[in-house]
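> sequence? don't have it. structure:
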């Protein structure tokens, strides 16, 4: 029996449920997340997600060794169409800096917490909410937001640098408060 040992990640990977699971293709977003957390990253990583609806519950990206201003993580639509990749469950990102969500549709909540600093959501269609409860530098750029954005600091935490720019907010709200 052959056992394949995979090293740290760097480069572009896909999420395509119709293709077999390989070192460069994952059948679910959860597999991509788990792989980054287990293998670490040593360069910028892009996860290009094929068109479809992804209904995973408890989709969590937590503590990716190697993530930094140089070793960034980007989740994006393979087709570059923000309406063709729909993530329905909550997407929770915590303790991972320098993550970008781009050209995706979220009908569930995006929860950003703990030390998820320098987080960007851009060119997305969001009918759920963006909830940011700790960290710094949340950038929400050029999105369609139906559910709104909430930046709330827990007792003893501080949120610095929330930028909302060129978004269309419909039927939701944009608010923030914190407790230093």
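Great, that's in hand. Note that the structure is predicted; figures quoted are calculated from it, not measured.
> Would you mark the buried spots in the longest strand seen in the chain?
If you go by DSSP state E, the chain has its longest strand at strand 41-49. By neighbour count with 16 or more other C-beta atoms under 10 Å, strand 41-49 contains the buried residues 41, 44-49. Glycine gets a C-beta too; all of them are placed from N, C-alpha and C.
> neighbouring contacts of stretch 95-104?
Stretch 95-104 is contacted from outside by 49, 61-64, 67-69, 71-77, 80-82, 85, 87, 91, 93, 110, 114-125, using C-beta atoms under 8 Å, 6 or more residues apart in numbering.
> which stretches of this structure have low pLDDT?
Applying pLDDT under 70 to the chain picks out residues 1-5, 134, 151-159, 172-180.
> 50 instead, please
When residues are selected by pLDDT under 50, those of the chain lie in 154-156, 176-180.
> Which of the contacts of stretch 95-104 fall in strands?
The members of these that map onto strands under DSSP E are 49, 61-62, 73-77, 85, 87, 91, 93, 110, 119-122, 125.
> are any of those buried, and which?
Of the members of those, the ones counted as buried by neighbours, 16+ other C-beta under 10 Å, are 49, 61, 73-77, 85, 87, 91, 93, 110, 119-122, 125.
> count of residues packed around residue 20?
Residue 20: 7 surrounding residues under other C-beta atoms under 10 Å.
> State the helix or strand in which it lies.
Using DSSP states H and E, residue 20 sits in no helix or strand.
> For it, which non-adjacent residue is closest in space?
The spatially closest residue to residue 20, leaving aside those adjacent along the chain, is residue 27, at 7.9 Å (C-beta to C-beta, 6 or more residues apart in numbering).
> Identify the residues contacting the one you found.
Applying C-beta under 8 Å, 6+ apart, the residues near residue 27 are 15-17, 19-21.
> who wins for most neighbours among those?
residue 15 (23 neighbours).
> if I read this right, that one contacts residue 51, doesn't it?
No. With contact defined as C-beta atoms under 8 Å, residue 15 does not reach residue 51; the gap is 10.6 Å.
> quick revisit: by how many degrees do the longest strand of the chain and strand 73-77 diverge?
With axes from the mean of the first three to the mean of the last three C-alpha atoms, to 10 degrees applied, the angle from strand 41-49 to strand 73-77 works out at 10 degrees.
> on that earlier part again, from residue 11, how far off is the residue nearest to residue 20?
Separation of residue 27 from residue 11 (C-beta to C-beta, to the nearest Å): 19 Å.
> likewise residue 81?
Computed as C-beta to C-beta, the residue 81 to residue 11 distance reads 22 Å.
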